[in-house]
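Student: Sharing a model that was predicted from the sequence below.
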Amino acid sequence: MVFKKLFRGNDLLKHSTILFTASIIAGFLNYLFQIYVGRMLGPSDYGIYSSLVAMLYIMSVPSSTIQTSVAKLVSDYNPEFDKIKYLLNRVFRLLAMLAAMTSVLFMVSSIFLADFLKINSGMYFFILSILLFISFLWPVLSGAMQGMQMFVHMGINNVAGTFFKLIFGVVLVYLGFGVNGALMALFMGSLLALLLALIPLRFLKRNREEKVDINFIKYSTAVLFATIGLTFLPNADMLLVKHFLSDMEAGYYAAAALLGKIVLFATGPIALVMFPKATALHNKNNSGRTLLRNTLIYTGFISLSVIALFVLKPEFVVVMLFGPEFLGIINVIGYFAIALAFFSMANVIVFYDMATRKYRFLYVLGVISILEVTLITLFHDSSLTVVRILTALMAMLFIGVWYCEKRQL
């Protein structure tokens, strides 16, 4: 009864809870995957795997750009399904061609990337190139579901993709395929998620296409720069650590970073739910300030809960999730949780500003990104030094984007 009263008339909380629940399940499955891979590969190979995945996240920046842009455009036309069908067909074809060209360019450049990361296996980069191709297409379907506020289907798709990744990861790594097996598991999970995302959207087949003016490229340009910053900031440190520190220390750093990203996994769904709702309010010339405030409150509460756990019980968290072999990271996981809490709060404001077409925050993202590379390049004597730099920069990021939002009222 209490929960019914709490959710009644509060779509933000209700839909966030749906995605949050799915995110918890998917996050749990993902952590099982990461823990299993980390333990089976060991610190050195896990450091290699994590640096490759961090590079994939940065290389697949268009993935988040595409989803956010498609979600914005679909929410503008929702529920005019004839126009939405035309939009999705056009965007999907365009991105399929762009994905093919990007994957080929990535394979060509892999020679230089392998040298920078001190990796001598070409197979790793071949698998990553296929993953990069899929990363251009799945967000079109996910963005369509987000724009039409099909949050239950989004949650199911998220859980299913992670479940298949875990199954294939356990089998392939156990059979001795090592880093290749872990990467192949990512590919299989992504491919099956792409195919499953077609199911809830099949109703669009009944509709005729109605031509509309698609401002996909124009809007995506601003979103692209925002996504570059939001993807670069929590992942660039891993690449720099892999370059400057030993494989062993990079592996420990990767494990600590993964624990810190529990904050992102837990709070990310709230911003995703807020985005189409903020767009709808903006299109009706209604204020979204209450929506933004509530989203920040929910995000802050969850972030503080994770920080408290990491500060009060660091040994318990590390041993339970990674085992005693990784106890050396207990002095840095609290910093990671604080850093990513600030990042999560900044992420909410950035998503709100994109929904309401305000882009002054881009300057802040650019400056903080440059500072991250510069400071870690100059000061990298240990993992603790790097994570302290990251924490300070994420605090500056939150303050900066909050100031920009206040100035644009």
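Tutor: That came in fine, so what should we check first? Fair warning: this is a prediction, and the values are worked out from it, not measured in the lab. Residues are numbered from 1 along each chain as shown.

Student: C-alpha coordinates for stretch 236-245, CSV please?
Tutor: Coordinates of each C-alpha in stretch 236-245 appear next as CSV, following Å, rounded to 0.1, in the frame of the first residue of the first chain:
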residue,chain,number,x,y,z
ALA,A,236,40.6,7.7,-20.1
ASP,A,237,42.3,7.1,-16.8
MET,A,238,42.3,3.4,-17.4
LEU,A,239,44.2,3.8,-20.7
LEU,A,240,46.7,6.1,-19.1
VAL,A,241,47.3,3.8,-16.2
LYS,A,242,47.8,0.8,-18.6
HIS,A,243,50.4,2.9,-20.4
PHE,A,244,52.3,4.3,-17.4
LEU,A,245,52.0,1.6,-14.8
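
Student: Name the residues of that stretch that are buried.
Tutor: 236-242, 245 (16 or more other C-beta atoms under 10 Å). Bear in mind the C-beta positions are built from the backbone N, C-alpha and C, glycine included.

Student: okay, who's weakest in these by pLDDT?
Tutor: For the buried residues of stretch 236-245, the least confident position by pLDDT is Lys242, scoring 81.

Student: got the contact list for it?
Tutor: Neighbouring residues of Lys242 by C-beta atoms under 8 Å, 6 or more residues apart in numbering: 47-48, 50-51, 54, 117-118, 250.

Student: Equivalent analysis for Ile58, please.
Tutor: Each residue near Ile58 by C-beta under 8 Å, 6+ apart is listed here: 231-232, 235-236, 239.

Student: Figure out how far the strand or helix carrying Thr279 is from the centre of its chain.
Tutor: With elements taken from DSSP states H and E, the one containing Thr279 is helix 262-283. Remark: helix 262-283 is offset 13 Å from the chain centroid, using C-alpha atoms, centre = their mean, to the nearest Å.

Student: Which strands or helices does that helix pack on?
Tutor: helix 11-59, helix 61-77, helix 122-147, helix 289-312, helix 333-355 (3 or more C-beta pairs under 8 Å, 6 or more residues apart in numbering; DSSP states H and E).

Student: one more time with 6 Å
Tutor: Packed against helix 262-283, as judged by 3 or more C-beta pairs under 6 Å, 6 or more residues apart in numbering; DSSP states H and E, are the following elements: helix 11-59, helix 61-77, helix 289-312, helix 333-355.

Student: Residue ranges in the stretch 101-250 of the chain under the pLDDT threshold?
Tutor: Per-residue confidence of the stretch 101-250 of the chain (counting by pLDDT under 70) places the weak regions at 215-218.

Student: where exactly do the helices run in it?
Tutor: Counting by DSSP state H, counting those that start in this stretch, the stretch 101-250 of the chain has helices at residues 122-147, 151-174, 178-197, 216-232, 236-244, 247-260.

Student: now those helices in JSON lines, with distance to Met97?
Tutor: Putting the helices of the stretch 101-250 of the chain into JSON lines (distance: least, C-beta to C-beta, whole Å) gives the following:
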{"stretch": "helix 122-147", "distance to Met97": "10"}
{"stretch": "helix 151-174", "distance to Met97": "24"}
{"stretch": "helix 178-197", "distance to Met97": "17"}
{"stretch": "helix 216-232", "distance to Met97": "14"}
{"stretch": "helix 236-244", "distance to Met97": "29"}
{"stretch": "helix 247-260", "distance to Met97": "34"}
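
Student: Most tightly packed of those helices?
Tutor: The highest average neighbour count among the helices of the stretch 101-250 of the chain, using mean count of other C-beta atoms under 10 Å, belongs to helix 247-260 at a mean of 24.

Student: That one vs helix 262-283, what angle?
Tutor: What separates the directions of helix 247-260 and helix 262-283 is an angle of 50 degrees, with axes from the mean of the first three to the mean of the last three C-alpha atoms, to 10 degrees.

Student: Contacts for helix 247-260 next, please.
Tutor: 34, 43-44, 46-47, 50, 241-242, 322, 326, 328-329, 332-333, 336-337, 340, 383 (C-beta atoms under 6 Å, 6 or more residues apart in numbering).

Student: likewise stretch 155-167?
Tutor: Contacts made with stretch 155-167 from outside it, assessed by C-beta under 6 Å, 6+ apart, are listed as 18-19, 22, 25-26, 29-30, 32-33, 185, 188-189, 192-193, 196-197.

Student: next one: stretch 279-297
Tutor: The contact list for stretch 279-297, computed with C-beta under 6 Å, 6+ apart, reads 12, 72, 75, 270, 274, 278, 348, 352, 355-356.

Student: let's see 8 Å
Tutor: With contacts defined as C-beta under 8 Å, 6+ apart, stretch 279-297 is touched by 12-13, 71-72, 75-76, 270-271, 274, 277-278, 345, 348-349, 352, 355-357, 405.

Student: What's the PyMOL line that selects buried ones from those residues?
Tutor: A single PyMOL command is used to select the members of the contacts of stretch 279-297 judged buried by 16+ other C-beta under 10 Å:
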select buried, resi 12+13+71+72+75+76+270+271+274+277+278+345+348+349+352+355+356+405
